[in-house]
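Engineer: Okay, here's the prediction I keep looking at, along with the sequence it came from:
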Amino acid sequence: MRDRLRRVGRVLQRARAAQRWRDRRRSRVGRLVTAVVCVLAGLMIATSALNARGTDLRPGRNTDLVSLIQSQSRRNAQLSSQLTEIRRQVDALSAANNAQEPDLGPELRRQSVIAGVEAVAGPSVTVTLTDAPSSVAANGIDPDLLVVHQQDIQAVVNALWSGGAEAMTIQGQRVIATTGVKCVGNTVVLHGVPYAPPYVISAIGDPVRLRAALTSSEAIKIYQQYVAAYDLGYQVRQDARSTFPAYDGSLDLDWAHVNREVSPSASPTR
């Protein structure tokens, strides 16, 4: 019995000794792995610092859409200001030239008004389009039916031109031959600048003819059906005298062609 106990004791002693050896070996390996990880981390930090040279290696956080639009809008405003100054210098030179050839003055002014690069004043008609109120959207109606689309703005613009408009503005910006109205999300972009509703379209001309053209427009009649059904906004105002600014943006034209085929008009839809 005693011999058996001694053998059990020796077995336990060997087991404890083996465990202590494994613990010492594991501690050495763990310390070695930790040291290697620290060295690698230090090398990565040093490499990043050398590559960055004081700059941000994660510029993506500054390229969100809102910031990009705001930055581009400021850039557009700066360029427009520079263009206005250059155009002022050109006008001064043209005026000096017209002094020598006065017969060209009236025709040059008439063409400037048509091109939209000269401020004009006169009686006007203004149309204001607005989205439906939020209370209507809560009734489960398709949101696409409750907002003003680019074709609605274009319908008003086309009707006013057909009514003999001599000059026009949208959101206070002068409309010229190359002006395009584009929807981007829930905003309308005009000359590179995004606008939210209400959308204000004004035209200088004979108020009687302008209002008659709005009334007879088939596209506007369809829009007014949505006004009645979903409470979209449509207001017409007449002013005895309004002043429209000159267009101060770029006049560059990338490409164009003559449309020699006129297709039959289709019924407008939203």
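Structural biologist: The structure has been received and is ready for your questions.
Engineer: Could I get the contacting residues of residue 220?
Structural biologist: Listed by CB atoms under 8 Å, 6 or more residues apart in numbering, the contact set of residue 220 reads 155, 156, 159, 214. (Glycine included, C-beta is placed from N, CA and C.)
Engineer: What residue spans form the domains of this protein?
Structural biologist: Per automatic domain parsing, the domain ranges recorded for the chain read 1-55, 119-244.
Engineer: Relative to residue 73, which of those domains is closest?
Structural biologist: Checking the domains of the chain against residue 73 by CB to CB gives domain 119-244 as the closest, at 5.7 Å.
Engineer: Let me see the mean pLDDT of the closest one.
Structural biologist: Averaged across domain 119-244, the pLDDT comes to 90.
Engineer: Quick check: end-to-end length of it?
Structural biologist: 6 Å (CA to CA, to the nearest Å).
Engineer: again with stretch 197-217
Structural biologist: 22 Å.
Engineer: same deal with stretch 189-207?
Structural biologist: 28 Å.
Engineer: Check stretch 200-208 too.
Structural biologist: End to end - CA to CA - stretch 200-208 spans 19 Å.
Engineer: May I see the buried residues of it?
Structural biologist: Neighbour-count burial for stretch 200-208, counted by 16 or more other CB atoms under 10 Å, picks out 200, 201, 202, 203, 204, 205, 206, 207.
Engineer: Of the domains of the chain, which is nearest residue 70?
Structural biologist: domain 119-244 (9.6 Å).
Engineer: could you pull out the helices for the protein?
Structural biologist: 2-52, 65-100, 105-115, 134-137, 150-162, 207-216, 218-230 (DSSP state H).
Engineer: Run through who's touching the shortest one.
Structural biologist: When contacts are taken as CB under 8 Å, 6+ apart, the neighbours of helix 134-137 outside the stretch itself are 143, 146, 230, 231.
Engineer: got a list of what the third one touches?
Structural biologist: When you say that, I think you mean residue 230. Here residue 230 is in contact with 132, 136, 141, 145, 146 (CB under 8 Å, 6+ apart).
Engineer: Got a PyMOL select line for the buried ones in those?
Structural biologist: Buried residues among these (16+ other CB under 10 Å), as a PyMOL selection:
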select buried, resi 132+136+146
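Engineer: Need the max-distance pair from the contacts of residue 230.
Structural biologist: Across those, no pair lies farther apart than 136 and 145, at 9.3 Å, counting by CB to CB.
Engineer: Fine by me, thanks again.
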